[in-house]
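In: Can you look at this prediction? I've put the sequence above it.
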Amino acid sequence: MSVLVIKNIGTIFTGDIESPSIEGPVGIIIEDGKIRAIEKESPVLADKVIDANGMTVCPGLIDSHSHPVFGDFTPRQSQLNFIESSLHGGVTSMISAGEVHLPGRPTDPKGTKALALLAQKSFAKARPAGVKVYGGALILEKGLVEDDFKELAADGVWLVGEIGLGSVKAAQDAKTMVEWAKKYGMKVMMHVGGTSVPGSSTVTCEDCLVANPTVACHLNGGPTSVSVDEARQVIDKTECAIEVVHCGNPLTAFEIARYMKNKGILNRLIIGNDAPSGTGVIPLGIWRMVNFVSSLCGIPAEIAICCATGNTKTVYGLSHGMVKVGDYADLQIIDAPMGSAGKDAREAIEVGDIPGIGMVLIDGIVKTQVSRNTPPPVRKVIA
């Protein structure tokens, strides 16, 4: 049994949209990688103590939309260590929306099943830079039958990559496969909007309404979006999670976030990167979107962070994503960046500044201290 204490925390952003912040001073006790207690400062025996020095603690960011292949390499941009770079942007886990960039990607039923199973098992055994990559998102191809979904689910595959990447494009064909996937406990993503890169498809609002996925992917486009009116139809006529991404249309993202804020349904909003893509690799993409929806849409920083942490945890049924007793301790310690108009992390985010990251932990283990990608924080973590 190992015990880690993070003390002298100024504020905790919990990631829980029902109770999004705890004001300090407060401490977190972590035992064997999980949060055991959150309490006011009190003596405790610990193997290690980290002094947050008045900084803010929040969950590690969950990138709800990534396109990895295998390991920490993307053939899409011929780039090594893009996942490690995301760790330095506060990302502690990534959800695959389909390993579509694999050179020579198989498109027959056996091949698409094999790719999903291989990616799932590969990332389950190897965490690039410690980041939890949920790989193995089945790309829907014509010829798949119900027993294929049953078989894959029994083998641990639980994601369906965004519909529109494969040969299944007609809404009714997609609807049938979505029903099979959900029957066996899978979470289903669906591309919504115009074509992203050569080989992808245009998927309309009506297609999404018919198919009824778990997540309406990049409703602000990836990068070409549906109209704002169509986006509102998806929001109003479905109960699916609504995803906005960095590699998308910023105006539509603004309108979606503001609309959901006004309707009081920000619990359905999640944030992804949609990288690697034609737009590139953006290690700070999730933080940039958190800042975007907070500073431009008037959403409090602690609520905007929920859209990139706890909301995504809830949608995908993860065991991390909140600063909550029982959750795995995937955390980041942040502060206002040097030179910001904000005096702390909350104010910096709300004026549009990416916070300085002082430390990132996964399962209670320090994975990086001062980020190489963010501006340095005003204060320093004492470890």
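Out: Looks like it arrived, so ask away.
In: alpha carbons only for contacts and neighbour counts from here, please
Out: Noted.
In: Least confident secondary structure element in the protein?
Out: Here the helix or strand of the chain ranked lowest by mean pLDDT, DSSP states H and E is helix 205-211, holding a mean of 90.
In: helices and strands around the helix or strand following it, which ones?
Out: The element immediately downstream of helix 205-211 (helix or strand, assigned by DSSP states H and E) is strand 215-217. Counting contacts by 3 or more CA pairs under 8 Å, 6 or more residues apart in numbering; DSSP states H and E, strand 215-217 packs against strand 187-191, strand 241-245.
In: Outline the domain layout of the chain.
Out: Following automatic domain parsing, the chain resolves into domains at 3-59+322-368, 61-283.
In: now residue 358, what's its secondary structure?
Out: Following DSSP: H, G, I helix; E, B strand; the rest coil, we place residue 358 in the strand state.
In: Apart from its neighbours in sequence, what residue is nearest it?
Out: residue 370 (4.3 Å; CA to CA, 6 or more residues apart in numbering).
In: Could you give me the buried positions within the lengthiest helix in the chain?
Out: Determined from DSSP state H, the single longest helix within the chain is helix 109-125. Across helix 109-125, burial judged by 16 or more other CA atoms under 10 Å covers 109, 112-123.
In: want to try a markdown table for these, with pLDDT and distance to residue 236 as columns?
Out: Converted to a markdown table, the buried residues of helix 109-125 look like this (pLDDT from 0 to 100; distance: CA to CA, whole Å):
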| residue | pLDDT | distance to residue 236 |
| --- | --- | --- |
| 109 | 98 | 34 |
| 112 | 98 | 33 |
| 113 | 98 | 34 |
| 114 | 98 | 37 |
| 115 | 98 | 35 |
| 116 | 98 | 32 |
| 117 | 98 | 35 |
| 118 | 98 | 37 |
| 119 | 98 | 35 |
| 120 | 98 | 33 |
| 121 | 98 | 37 |
| 122 | 98 | 38 |
| 123 | 98 | 36 |
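In: Nearest to residue 61 among the residues you listed?
Out: Closest approach between the buried residues of helix 109-125 and residue 61, by CA to CA: residue 123, at 18.1 Å.
In: my guess is that closest one contacts residue 71, does it?
Out: Yes - in this structure, residue 123 is within contact of residue 71 by CA atoms under 8 Å, at 7.4 Å.
In: all strands for the stretch 51-200 of the chain, in order.
Out: Assigned by DSSP state E, counting those that start in this stretch, the stretch 51-200 of the chain shows strands spanning 56-59, 61-66, 73-74, 79-80, 91-96, 132-134, 137-138, 159-163, 187-191.
In: Residues in contact with the second one: which ones?
Out: Here strand 61-66 makes contact (CA atoms under 8 Å, 6 or more residues apart in numbering) with 90-98, 217, 245, 270-276, 286, 308-309, 312-313, 321.
In: Please apply the same query to the last one.
Out: Contacting residues not belonging to strand 187-191 are listed as 97, 158-165, 178, 181-182, 203, 208, 213-218, 316 [CA under 8 Å, 6+ apart].
In: what residue is smack in the middle of the protein?
Out: In the chain, the residue lying closest to the centroid (CA atoms, centre = their mean) is residue 63, at 2.3 Å.
In: which residues does that residue bridge with?
Out: In this entry, residue 63 is beta-bridged to residue 94, by DSSP bridges.
In: got the helices and strands packed on strand 215-217 as TSV, with mean neighbour count columns?
Out: TSV is the format used below for those (neighbours: other CA atoms under 10 Å):
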stretch	mean neighbour count
strand 187-191	26
strand 241-245	28
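In: would CSV of these with mean pLDDT be doable?
Out: Converted to CSV, these look like this (pLDDT from 0 to 100):
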stretch, mean pLDDT
strand 187-191, 95
strand 241-245, 98
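In: Can you say which of the ones you listed is nearest to residue 360?
Out: Going by CA to CA, the one of the helices and strands packed on strand 215-217 nearest residue 360 is strand 241-245, 22.4 Å.
In: what does the helix or strand just after the closest one rub up against?
Out: Moving toward the C-terminus from strand 241-245, the next helix or strand (DSSP H and E) is helix 250-263. Contacting residues not belonging to helix 250-263 are listed as 219-221, 225, 227-228, 231-232, 244-245, 266, 269, 292-293, 296-297, 299 [CA under 8 Å, 6+ apart].
In: and those, which are buried?
Out: 219-221, 225, 227-228, 231-232, 244-245, 266, 269, 292-293, 297, 299.
In: Among those residues, which one lies nearest to residue 8?
Out: residue 299 (26.6 Å).
In: doesn't residue 151 make contact with residue 180?
Out: No - in this structure, residue 180 is not within contact of residue 151 by CA under 8 Å, at 11.4 Å.
In: So for the two, which residue has more residues nearby?
Out: Neighbour tally, residue 180 and residue 151, criterion other CA atoms under 10 Å: the higher count belongs to residue 180, 18 against 13.
In: follow-up on the earlier one: for the longest helix of the chain, which outside residues touch it?
Out: For helix 109-125, the external contacting residues (CA under 8 Å, 6+ apart) are 69-71, 99, 105-106, 132-144, 148, 152, 155-157.
In: Then stretch 4-22?
Out: Under the criterion CA under 8 Å, 6+ apart, residues 23-31, 41, 46-59, 267, 302-303, 305-307, 309-311, 321-324, 364 lie in contact with stretch 4-22.
In: Pull the distance from the strand or helix carrying residue 234 to the chain's centre.
Out: Taking DSSP H and E as the criterion, residue 234 maps to helix 228-237. Remark: helix 228-237 is offset 22 Å from the chain centroid, using CA atoms, centre = their mean, to the nearest Å.
In: can you pull the buried residues of it?
Out: 228, 230-232, 234-235.
In: Put the alpha carbons of stretch 125-135 into PDB.
Out: In PDB, the C-alpha atoms belonging to stretch 125-135 read as follows (Å, rounded to 0.1, in the frame of the first residue of the first chain):
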ATOM      1  CA  LYS A 125      -1.100  -3.400 -22.500                       C
ATOM      2  CA  ALA A 126       0.900  -0.300 -23.400                       C
ATOM      3  CA  ARG A 127       0.200   3.300 -22.300                       C
ATOM      4  CA  PRO A 128       2.300   5.800 -24.300                       C
ATOM      5  CA  ALA A 129       3.900   8.200 -21.700                       C
ATOM      6  CA  GLY A 130       1.400   6.700 -19.200                       C
ATOM      7  CA  VAL A 131      -1.600   8.100 -21.000                       C
ATOM      8  CA  LYS A 132      -4.700   5.800 -21.000                       C
ATOM      9  CA  VAL A 133      -5.600   5.300 -24.600                       C
ATOM     10  CA  TYR A 134      -8.900   3.600 -25.200                       C
ATOM     11  CA  GLY A 135      -8.200   2.100 -28.600                       C
END
